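Engineer: Have a look; sequence and predicted model below, questions after that.
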Amino acid sequence: MMKAATSSRVDIAAANRADIASMSNHADGANNCTSDTNNYTSHTVASNDVHGAAASAGPVQVRTFAAGDAPRWDRFVDACPDATFFHRVGWRDILENVFRHRSHYLVAERDGAVCGVLPLAEIRSRLFGHALVSLPFCVYGGPVASDAPAETALIDAATDLGRALDVQHLELRNRAPKRADWPRQDLYVTFRKTLEPDAEANMLAIPRKQRAMVRKGISRQLRGEIDASVDRFFDLYADNVHRHGTPALPKRYFAALVDTFGDACEILTVTDRAGHPVSGVMSFYFRDEVLPYYAGDTLQSRELAANDFKYWELMRRATSRGVRVFDYGRSKRGTGSFDFKKNWGFSPAPLAYEYQLYARSGIPQHNPLNPRYRAFIALWRMMPRRLANALGPAIVRNLG
């Protein structure tokens, strides 16, 4: 057992509910998720009721993830409104088995029921330092809990764990602020939008110029195909990141995502009139949301408007699956992907990546916009792609 905690602080989870609701189409108000081994319930209560329930219940106990916790963890994540696809427990095995990062998943319980979770992984790198992150290779993370005392207990436990592990910093990739007094990365935003049930209504909701690009792709007789294998997608992805001077993630990582998450991980490949793959995207499905996460294309894709067609085709197919929220994912301010998503009529919402700095003077900037990496990016672009694909995984595993 790591820690027992009670708290009387202001319910920051409820205070931030309106911000989260605007992005995720959940109803306003504080949400209470409770879980035990045999049943799971989720209901909405007023924020003052959350305080009353928490005050009269037992203390929050935070412990490390144990064998047999996976079903209870995922039941909690599936029902907790603030949870994301990246809180699913399957990421734990991927981080450990593919990237060899040690996981530190924390479970908060009250009276034997799960009331919060916090996925964490430890990264050790000679190049990039020693960190505890929630969560590497994921755009969203941080604690999700049924109430403020559970959230506080998880963050406090993570802070103590980071100190015990002697890491240089703790990073929580929150969608909404959790700790106002912690340094915050003001670089990333996310783009989320509610879809209409009707495909034509979604087409008309796209701004005129961008809609014209989608129709251009349709007129070029592009086709979307769902792939069971990662082969075609990986070739498109690896070519794309190489052109941008970024090391590619290993092919086995993408295969592990498909194997781990099954139908919740889907590959859409766009082919030209002759049947040649020109663009592709790997997307994650979670509840009533879809998140296009990894993408790739050929040099010819721009002329064909293949990327524009690709995201429309994903939107159209997702709507037929009952998806209501299209999450265009994270972008850095001032980049081409930021502008591209705005052109679709999506509005940016800031992400609250918060840091506890133990042995750093400032927030680490391990991203391509950092001037320190310009020479490396230029060199990587000139490297033969086969060599880049061979060397890339050893480097990128520590970037997270």
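Structural biologist: Ah, there it is. Given the structure is predicted, the values throughout are model-derived calculations rather than measurements.
Engineer: Now residue 321. Nearest residue, chain neighbours left out?
Structural biologist: Once flanking residues are discounted, residue 321 sits nearest to residue 285: 7.3 Å by CB to CB, 6 or more residues apart in numbering. Quick note: C-beta positions are derived from backbone N, CA and C, even for glycine.
Engineer: In this structure residue 124 contacts residue 130, no?
Structural biologist: Yes. Using CB atoms under 8 Å, residue 124 is in contact with residue 130, at 5.2 Å.
Engineer: picking up where we left off before, quickly run through the sheet partners of whichever strand or helix holds the residue nearest to residue 321, with directions.
Structural biologist: Residue 285 is part of strand 277-286, with elements assigned from DSSP states H and E. Sheet neighbours of strand 277-286, with direction, are listed as strand 265-271 (antiparallel), strand 289-297 (antiparallel) (DSSP bridges).
Engineer: Quick check: bridge partners of the residue nearest to residue 321?
Structural biologist: Going by DSSP bridges, residue 285 forms beta bridges with residue 290.
Engineer: Turn the strands paired with strand 277-286 into JSON lines, including mean pLDDT, distance to residue 159 and mean neighbour count.
Structural biologist: As requested, the strands paired with strand 277-286 are exported to JSON lines (pLDDT from 0 to 100; distance: least, CB to CB, whole Å; neighbours: other CB atoms under 10 Å):
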{"stretch": "strand 265-271", "mean pLDDT": "98", "distance to residue 159": "32", "mean neighbour count": "22"}
{"stretch": "strand 289-297", "mean pLDDT": "97", "distance to residue 159": "29", "mean neighbour count": "22"}
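Engineer: So which of those strands is nearest residue 183?
Structural biologist: strand 289-297 (26.7 Å; CB to CB).
Engineer: mean confidence for stretch 105-114?
Structural biologist: Here stretch 105-114 scores 96 as its mean pLDDT.
Engineer: Make residue 1 into 320 and carry on from there
Structural biologist: With 320 as the first residue, the last one maps to stretch 424-433.
Engineer: thinking again about what came up before, burial of the residue nearest to residue 640, as a residue count?
Structural biologist: Counted by other CB atoms under 10 Å, the residues lying close to residue 604 total 19.
Engineer: between residue 443 and residue 449, who's got more neighbours?
Structural biologist: residue 449 (17 against 14).
Engineer: Identify whichever of the strands paired with strand 596-605 lies nearest to residue 397.
Structural biologist: strand 608-616 (12.4 Å).
Engineer: Residues touching the closest one, excluding its own?
Structural biologist: Residues outside strand 608-616 that contact it (CB atoms under 8 Å, 6 or more residues apart in numbering): 343, 404, 552-560, 568, 573, 597-604, 625-626, 629-630, 633, 637, 640, 642-648.
Engineer: got the CA positions of it in CSV?
Structural biologist: Only the C-alpha atoms of strand 608-616 are listed here, as CSV (Å, rounded to 0.1, in the frame of the first residue of the first chain):
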residue,chain,number,x,y,z
GLU,A,608,-15.3,9.1,-30.2
VAL,A,609,-12.8,8.5,-32.9
LEU,A,610,-9.2,9.9,-32.9
PRO,A,611,-7.0,9.7,-36.0
TYR,A,612,-3.6,9.3,-34.4
TYR,A,613,-0.9,8.2,-36.8
ALA,A,614,-0.8,9.1,-40.5
GLY,A,615,1.3,8.9,-43.5
ASP,A,616,1.3,9.6,-47.2
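Engineer: Nearest to residue 512, out of the strands paired with strand 596-605?
Structural biologist: Nearest of these to residue 512, taken as CB to CB: strand 608-616 at 10.7 Å.
Engineer: The helix or strand encompassing residue 694 - contacts with which helices or strands?
Structural biologist: Here residue 694, judged by DSSP H and E, is contained in helix 693-701. Secondary-structure packing of helix 693-701 (3 or more CB pairs under 8 Å, 6 or more residues apart in numbering; DSSP states H and E): helix 550-562.
Engineer: And the following helix or strand past the helix it packs on, what's buried?
Structural biologist: Using DSSP H and E, the helix or strand that follows helix 550-562 in sequence is helix 570-580. Within helix 570-580, the residues that count as buried by 16 or more other CB atoms under 10 Å are 570, 572, 573, 575, 576, 577, 579, 580.
Engineer: any idea how the protein splits into domains?
Structural biologist: 322-505, 515-642+687-715 (automatic domain parsing).
Engineer: is it possible to export those domains to a markdown table including distance to residue 665?
Structural biologist: Shown next, in a markdown table, are the domains of the chain (distance: least, CB to CB, whole Å):
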| stretch | distance to residue 665 |
| --- | --- |
| domain 322-505 | 11 |
| domain 515-642+687-715 | 10 |
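Engineer: Of all these, which one comes closest to residue 669?
Structural biologist: Closest among the domains of the chain, once you apply CB to CB, is domain 322-505, at 7.3 Å.
Engineer: Off-centre distance for the closest one?
Structural biologist: Counting by CA atoms, centre = their mean, to the nearest Å, domain 322-505 is centred 14 Å from the centre of its parent chain.
Engineer: how about the helices in the stretch 320-469 of the chain?
Structural biologist: Counting by DSSP state H, counting those that start in this stretch, the stretch 320-469 of the chain has helices at residues 331-334, 336-343, 366-375, 389-398, 409-416, 467-484.
Engineer: ugh, typo on my part, it should be the stretch 620-719 of the chain
Structural biologist: 620-623, 625-639, 655-662, 693-701, 704-715.
Engineer: Report the contact partners of residue 604.
Structural biologist: 404, 582, 583, 584, 585, 610, 637, 640, 642.
Engineer: try it again with 10 Å
Structural biologist: The neighbourhood of residue 604, defined by CB atoms under 10 Å, 6 or more residues apart in numbering, consists of 404, 580, 581, 582, 583, 584, 585, 610, 637, 640, 641, 642.
Engineer: about what we covered before: and the domains of the chain, which is most packed in?
Structural biologist: Among the domains of the chain, domain 322-505 has the highest mean neighbour count (mean count of other CB atoms under 10 Å), at a mean of 19.
Engineer: before we move on, the earlier item: comparing the domains of the chain by mean pLDDT, which bottoms out?
Structural biologist: When I compare the domains of the chain, domain 322-505 is least confident, with a mean of 77.
Engineer: returning to that earlier point: for the strands paired with strand 596-605, give me a markdown table that also has distance to residue 459.
Structural biologist: A markdown table is the format used below for those (distance: least, CB to CB, whole Å):
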| stretch | distance to residue 459 |
| --- | --- |
| strand 584-590 | 16 |
| strand 608-616 | 9 |
